[in-house]
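**Q** fold the following.
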Amino acid sequence: MKMTVLVVGGTGFIGAYVTRRLLRGGHRVVAFDASPGNLLQDLLTPEELQTVPVVVGECQSLRDLSHTIREYAVDRIVHLAALLHPACDMNPIKAIQINIEGQAAVLEAARLWDIRKVVWASSVAVFGKRDLYHTSPISNDAPPRPASVYAATKSFNEFLAEHYRRYYNVDALGLRLTLVYGPGRTRGATAFVNELIVKPALGEPARVPFSDDVVDWQYVEDVARLIERCLQVDRTLTGVFNTRFDVRSIREVGAYVQRLLPSADIVYEPGNFGIAWELDDSALQEEIGFRPEYRVERGVLETINYVRQKHGLPAVEPKPWENDDE
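**A** Here you go, the predicted structure:
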């Protein structure tokens, strides 16, 4: 089944990987973003770049979206554009414009143009602090308790998507993503993983915050694969899904970085990020079915070598966890 997919936020971190995966799967892709980014140039070959239209537009503009949908005969949308945390806390008005008005415009465009599927990014942040919940992992239907402007916009977007599903029959499917990492991640609160991975890869000293936390590591290639699968499934009973990939402590991942780069200078700062990272993904498994291919060791290794290659440094070899390599 070949698709024509509009990727809103298509030149951003996750969007660029989704664009590449869809393109190499034989689908037609249109990247839509407020400003062209550089990551697509890194991920796509010159020949591939020639096949991907990049439309500069505002996600909250129904006019921009509609013109693009009509011009390219789009039949599916991936919506990934967002102002991230902590930028949302610093500028709530902009957060509402991009995150909430953008979601409303995408859903309205889907209604008006009879789009077959909308896959969009919610966030684990909707659940707020871990200590507000008495069970772990947190169930798919647990009540949201957002603790930031960013989280509140995502929580409202879940309500809005369900409204369009119920009243207008828009097939919108949301994914509560967690800590998405990999080559090209530069923005957002969880960009702290760059301190743990990127700086040691370049031989720079690292000071890693939230080092007492246990988080769900989601390598961006796996996230792109999940989004592609969601675009192709029939309408689901559930409108938004918890996700869960590889739950590890920050110090455990740091120990593997140190194993790959024995001279790495890593200082751990105590504390927790403060949100409930561990989610119950049984609804996702029952209705869609998905298993990540990247354990954190593989994702960390590929991220390190991507960074080192860009800076003219030799690649590092994978190593097992055991003290004795034999």
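**Q** ranges for the strands of the stretch 51-200 of the chain?
**A** Applying DSSP state E, counting those that start in this stretch to the stretch 51-200 of the chain gives strands spanning 54-56, 76-79, 117-123, 172-177, 179-181.
**Q** compute the inter-axis angle for the longest one and strand 172-177.
**A** This means strand 117-123. Relative orientation of strand 117-123 and strand 172-177, computed by axes from the mean of the first three to the mean of the last three CA atoms, to 10 degrees: 30 degrees.
**Q** what pairs with strand 117-123, parallel or antiparallel?
**A** Here strand 117-123 is paired, per DSSP bridges, with strand 76-79 (parallel), strand 172-177 (parallel).
**Q** return it as PDB; C-alpha atoms alone will do.
**A** In PDB, the C-alpha atoms belonging to strand 117-123 read as follows (Å, rounded to 0.1, in the frame of the first residue of the first chain):
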ATOM      1  CA  LYS A 117      -5.100   8.700   8.800                       C
ATOM      2  CA  VAL A 118      -3.400  11.200  11.100                       C
ATOM      3  CA  VAL A 119      -0.600  10.000  13.400                       C
ATOM      4  CA  TRP A 120       0.500  12.500  15.900                       C
ATOM      5  CA  ALA A 121       3.000  12.800  18.800                       C
ATOM      6  CA  SER A 122       1.600  13.100  22.300                       C
ATOM      7  CA  SER A 123       4.000  12.600  25.300                       C
END
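**Q** that strand: which residues count as buried?
**A** For strand 117-123, a neighbour-count test (16 or more other CB atoms under 10 Å) marks 117, 118, 119, 120, 121, 122, 123 as buried. Placement of C-beta: from N, CA and C, glycine included.
**Q** return the member of the residues you listed nearest to residue 107.
**A** Closest to residue 107 out of these is residue 118 (6.8 Å), distances taken as CB to CB.
**Q** what's the neighbour count on residue 281?
**A** 18 (other CB atoms under 10 Å).
**Q** quick check: which element contains the residue lying closest to it once chain neighbours are set aside?
**A** Sequence neighbours aside, residue 244 is the residue nearest to residue 281 in space, at 4.1 Å (criterion: CB to CB, 6 or more residues apart in numbering). Using DSSP states H and E, residue 244 sits within no helix or strand.
**Q** all strands for the stretch 201-326 of the chain, in order.
**A** Using DSSP E, counting those that start in this stretch, the strands of the stretch 201-326 of the chain run over 206-208, 214-219, 240-242, 246-249, 266-268.
**Q** out of those strands, flag the one nearest residue 63.
**A** Closest to residue 63 of the strands of the stretch 201-326 of the chain is strand 240-242 (CB to CB; 27.3 Å).
**Q** run through the neighbouring helices and strands of that closest one.
**A** helix 149-168, strand 172-177, helix 282-287 (3 or more CB pairs under 8 Å, 6 or more residues apart in numbering; DSSP states H and E).
**Q** contacts for it?
**A** With contacts defined as CB atoms under 8 Å, 6 or more residues apart in numbering, strand 240-242 is touched by 122, 124, 137-140, 158, 161-162, 173-176, 279-281, 283-284, 287-288.
**Q** neighbouring strands - and their directions - for that strand?
**A** Partners of strand 240-242 in the sheet, by DSSP bridges, are strand 172-177 (parallel).
**Q** tilt between the strand it pairs with and strand 214-219?
**A** Strand 172-177 and strand 214-219 meet at an angle of 120 degrees, taking the same axes, to 10 degrees as the criterion.
**Q** could I get the average pLDDT for strand 172-177?
**A** Strand 172-177 carries an average pLDDT of 98.
**Q** same thing with stretch 46-58?
**A** 96.
**Q** dump that stretch to PDB, restricted to CA.
**A** Only the C-alpha atoms of stretch 46-58 are listed here, as PDB (Å, rounded to 0.1, in the frame of the first residue of the first chain):
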ATOM      1  CA  PRO A  46      21.300  14.100  -2.900                       C
ATOM      2  CA  GLU A  47      19.100  12.000  -5.100                       C
ATOM      3  CA  GLU A  48      16.500  11.500  -2.400                       C
ATOM      4  CA  LEU A  49      16.500  15.100  -1.500                       C
ATOM      5  CA  GLN A  50      15.400  15.900  -5.000                       C
ATOM      6  CA  THR A  51      12.300  13.800  -4.500                       C
ATOM      7  CA  VAL A  52      11.100  15.300  -1.200                       C
ATOM      8  CA  PRO A  53       9.300  18.700  -1.500                       C
ATOM      9  CA  VAL A  54      10.000  20.900   1.500                       C
ATOM     10  CA  VAL A  55       7.100  23.300   2.100                       C
ATOM     11  CA  VAL A  56       7.700  26.200   4.500                       C
ATOM     12  CA  GLY A  57       4.500  26.900   6.400                       C
ATOM     13  CA  GLU A  58       3.000  27.300   9.900                       C
END
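**Q** pull out the buried residues from that stretch.
**A** 52, 55, 57, 58.
**Q** residues touching residue 209, list them.
**A** For residue 209, the contact set (CB under 8 Å, 6+ apart) comprises 192, 195, 269, 271.
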